Structures are given as structure tokens and as C-alpha cells.
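Asker: coords below, sequence missing:
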């Protein structure tokens, strides 16, 4: 856990009040409203829980994996260590305030907290429960149900089932809704066209997705809400008919699916975007990387960030009803070792080019629908974060702010 004085100093340096309006600067002067609605996915894992104590070791959190990581090949940067906030504990209110201040200053509208519900059993709920109960930080939020089973695949125990995701039926659907009603009614909850935004990680895993979404819409209206703005996080299932399943919008981004892509598919995309010379160079890099991985006995995959990033989302990802997704970095080797997927050589400037391209894809929409999910705020063991680290400091946050505030690409 970091010293509280360090976290408090971070708060002081960024903003002494996270209640300021979204367009306000550090000094209190009004700055332009962000041209886009950026929502950062947020992992509420960084605090001990009895389940992790039992499964792994007493006091286990993702910091355990982060701190013990080491380089696996020449040029591989590990460990990636936090800067301003240190190895924080999310039970500490000052940490949550500092995170909100950092995100607000970067032009991010709010956090999307991963939410876990296993047939009435909630896990890792404490940070969000305290945010909701205390009213602090006064910073927007929404929720995403990570509806998948927990297995030991990332920790060398592939066949070990930790918690199975189940769907008991109607009573559970109702109980799940009412467990979140207070959050949906909170003035901080992020809304789209007046409706609370709620995302599902694995919409295709629901036994009857239409039954689920219809019932929640019915309960929402019965409890004074105008409805629920359901978002389908489609991972690799880009052909899922989310509209028919009762969803209002969809996102599609999963770096792990790059591992399954054929080399020539990646090259084809490079050729279409950058021309034959650049595509040829990419082909040499990608095939060379595959050969090296095979020699190393690597079961996962290693790509240059810029080679892979164009293939993270399917071609339909910016069509009507789809929201953008920006991926600043990815390296889950602290969890998975040689089973991991690494997007190598991500830098603040390569992320800038990626984010700019993502935002440009839907700049013609009304601001209400100009939504981009940033994946992620603090997935440290996946090497997927915006929080300041000891290598780049605040540079990823600064790039995010620059691009979100730049309204020059927005149709008038």
C-alpha cells in the first residue's frame, strides 16, 4: 500500500477538488468540454479478499503478479511499475479520489467498473460499494458485468475452476437488477439518452439474452428509470445480432483474438491501409516474430503494437450503433508468462495515432453518442493501463487529454 502522504500529494498536484465540472481546468478556469465521451474500464481488484487468499496466497492481489514480472526476451520491458499512486489498496478512499482526479484531468468522463455476479454472489465489490455509499469521489461511473467463469488458466492451473458463471433463472435476474438499482439511480451514473449505461462482457453466454434485457427494461421503468442502455462487449463475436438481443449498442475489442489471426490477414489489412511497401515491411516483421516465438516455445503471441492494433476491432466496429475502443497497451505476461499476448513497443505516440484514428471514425455523430471506451484504466497485470508508471509517467494521460479535447475533427 502506498504511503497516504504520497497519494494525498498527488491529489494536491492534480486538483484539490474532484467535484469541479468536467470542463474545468486544474486552476478552476473553464476549459473546452471534451469533444468525445471517453469511459475508462476499471478493475476493482487491488485489495485482498478471502477467495484470493484461499486460491493463491494470503494477501494476493494483481500487484503480486506485477511485482514479480521479468523480461522474457531482449527488449521486453518488465516489470511495469506504478508511479504516482504506488502499489495502492482500493480500500483507501484517498486512492480512489486521486484516481478520479487523474482521469478527470485527462478528459475522461468516468469509470466503467467491472462488476461480478455469480448467481447472487458478488466478488470484488467493496471499492464500488464504498464509492456508492460515500458519494466519493464525485465522479461519473457505470458498470459492466464480467459474466464469465473464473479459471486458473492465467496462473498455470488451466483446468482449475475457481468460480463458475451460472444463470439460475428469473428470480436471479430480478435479484441482480435490484442489487444495482441504487447505483442506477445515483446522479453520478453515466447515462446515454437519459438511460443508465450497462455493459455485458459476454452477451452470447446468456441462455436467453432477450429475456434478460426485456426483464431489466421492465424493472427499470417500474422503478422510475426511462430504461437501460445495454451495451454488448462483443469480444470476438462481431456477427452477434445484438439489436435482436435487446442491446442498444455494441463494442468489439479483444487483443487476445490477434493470437488467432492468420499472418496474411494482418498483412492484408496493412496493405489496404498503408500500401504495398509498408505492408511488405510488416510482413517481414510479423513472420520473423512468429519464427522467434516458435523457437522460444512461446504458446501465446507477440506482435508490434502498431502491427496488431488495426486488427483489434472488426471492420464493422465504427458502423452505426457501435462505440469506439482504444487500447493504449497490452502485455499480460505477468499473469500468463509464455502463454501471454504481448503488443510490443507501445509508446505514448503510437497510442496517440491509434486513439486519433479511433476517434475520427465516429466524429460525425452527435456528442451524446460519440462514446469511446478506453481499455483500460488500471489492468496492471495485463499491461493495459493509463495510470502513471515509472517508464512514461503521465504521457499516456496527456495524450488522452490532447486527443479528447481536440474538436477539430468533429463535424459541425
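Answerer: All right, it came through fine. If you're wondering where the values come from, they're calculated on a predicted model, not measured in any experiment.
Asker: what residue ranges in the stretch 301-412 of the chain score low on pLDDT?
Answerer: 310-318, 411-412 (pLDDT under 70).
Asker: now the helices for it?
Answerer: For the stretch 301-412 of the chain, the helices defined by DSSP state H, counting those that start in this stretch occupy 305-308, 333-336, 348-360, 395-405.
Asker: Next: the stretch 151-300 of the chain.
Answerer: Under DSSP H, counting those that start in this stretch, the stretch 151-300 of the chain gives helices at 170-185, 209-222, 263-274, 276-296.
Asker: circling back: which one of the helices of the stretch 301-412 of the chain lies closest to residue 100?
Answerer: Nearest to residue 100 among these is helix 395-405; the distance by C-beta to C-beta comes to 12.8 Å. Yep, even glycine has a C-beta here, placed from its N, CA and C like the rest.
Asker: Which elements pack onto that closest one?
Answerer: Here helix 395-405 touches helix 93-105, helix 348-360, going by 3 or more C-beta pairs under 8 Å, 6 or more residues apart in numbering; DSSP states H and E.
Asker: could you give the angle of it to helix 348-360?
Answerer: 30 degrees (axes from the mean of the first three to the mean of the last three C-alpha atoms, to 10 degrees).
Asker: Now do the buried residues in helix 395-405.
Answerer: 395-397, 399-401, 403-405 (16 or more other C-beta atoms under 10 Å).
Asker: Stretch 194-212 now?
Answerer: Applying 16+ other C-beta under 10 Å to stretch 194-212 flags 195-203, 206, 209, 211-212 as buried.
Asker: and if you look at stretch 46-61?
Answerer: 46-47, 52, 55-56, 60-61.
Asker: about what we covered before: I'd like the helices and strands packed on helix 395-405 laid out as JSON lines, including distance to residue 294.
Answerer: Conversion of the helices and strands packed on helix 395-405 to JSON lines gives the following (distance: least, C-beta to C-beta, whole Å):
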{"stretch": "helix 93-105", "distance to residue 294": "40"}
{"stretch": "helix 348-360", "distance to residue 294": "26"}
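Asker: Now for this structure, the helix or strand with the poorest mean pLDDT.
Answerer: helix 4-14 (a mean of 52; mean pLDDT, DSSP states H and E).
Asker: Quick check: next helix or strand after it?
Answerer: strand 37-42 (DSSP states H and E).
Asker: Figure out how far that next one is from the centre of its chain.
Answerer: 7 Å (C-alpha atoms, centre = their mean, to the nearest Å).
Asker: Identify the residues contacting the following helix or strand past it?
Answerer: Counting by DSSP H and E, the next helix or strand C-terminal to strand 37-42 is helix 50-55. Contacts with helix 50-55, where a contact means C-beta atoms under 8 Å, 6 or more residues apart in numbering, come from 59-61, 123, 152, 162-163.
Asker: Just put those in TSV and tack on pLDDT and distance to residue 99.
Answerer: Formatted as TSV, the contacts of helix 50-55 follow (pLDDT from 0 to 100; distance: C-beta to C-beta, whole Å):
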residue	pLDDT	distance to residue 99
59	94	21
60	95	21
61	95	16
123	96	20
152	69	29
162	89	27
163	92	26
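Asker: could the residues you listed be laid out in TSV, adding distance to residue 137?
Answerer: Below are these laid out as TSV (distance: C-beta to C-beta, whole Å):
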residue	distance to residue 137
59	26
60	26
61	21
123	23
152	34
162	31
163	29
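Asker: tell me the contacts of residue 203?
Answerer: Residue 203 sits in contact with 209, 232-234, 237, 240, 242, 245, 247, where contact means C-beta under 8 Å, 6+ apart.
Asker: what's the helix or strand for residue 114?
Answerer: Secondary structure (DSSP H and E) places residue 114 in strand 110-115.
Asker: Report the inter-axis angle for that strand versus helix 93-105.
Answerer: For strand 110-115 against helix 93-105, the angle by the same axes, to 10 degrees is 130 degrees.
Asker: So what are the sheet partners of strand 110-115 and their directions?
Answerer: strand 37-42 (parallel), strand 141-145 (parallel) (DSSP bridges).
Asker: who touches that strand?
Answerer: 39-44, 99-100, 103, 122, 124-125, 127-128, 139-146, 180, 188, 190, 197, 199, 201, 373, 377.
Asker: Let me know whether residue 70 touches residue 79 as I believe.
Answerer: Yes. Judged on C-beta atoms under 8 Å, residue 70 makes contact with residue 79 at a distance of 6.9 Å.
Asker: Which one's more surrounded, those two?
Answerer: Between residue 70 and residue 79, residue 79 has the larger neighbour count (other C-beta atoms under 10 Å), namely 17 against 10.
Asker: what does the model give the nearest residue to the more buried one once chain neighbours are set aside for pLDDT?
Answerer: Of all residues beyond its chain neighbours, the one nearest residue 79 is residue 69 (4.2 Å), with distances taken as C-beta to C-beta, 6 or more residues apart in numbering. Listed pLDDT for residue 69 reads 97.
Asker: Pull the contacting residues for residue 69.
Answerer: Residue 69 neighbours (C-beta under 8 Å, 6+ apart): 78-80, 333-334.
Asker: ok, 10 Å please
Answerer: Counting by C-beta atoms under 10 Å, 6 or more residues apart in numbering, residue 69 touches 76-81, 331, 333-335, 337, 380-381, 383.
Asker: Residue 330 now?
Answerer: Residue 330 neighbours (C-beta under 10 Å, 6+ apart): 255-256, 258, 303, 305, 308-309, 312, 340-344, 346, 375-376, 379, 382-385.
Asker: now swap in residue 164 and tell me
Answerer: Taking C-beta under 10 Å, 6+ apart, one finds 118-119, 148-151 in contact with residue 164.
Asker: redo that, cut-off 7 Å
Answerer: residue 149 (C-beta atoms under 7 Å, 6 or more residues apart in numbering).
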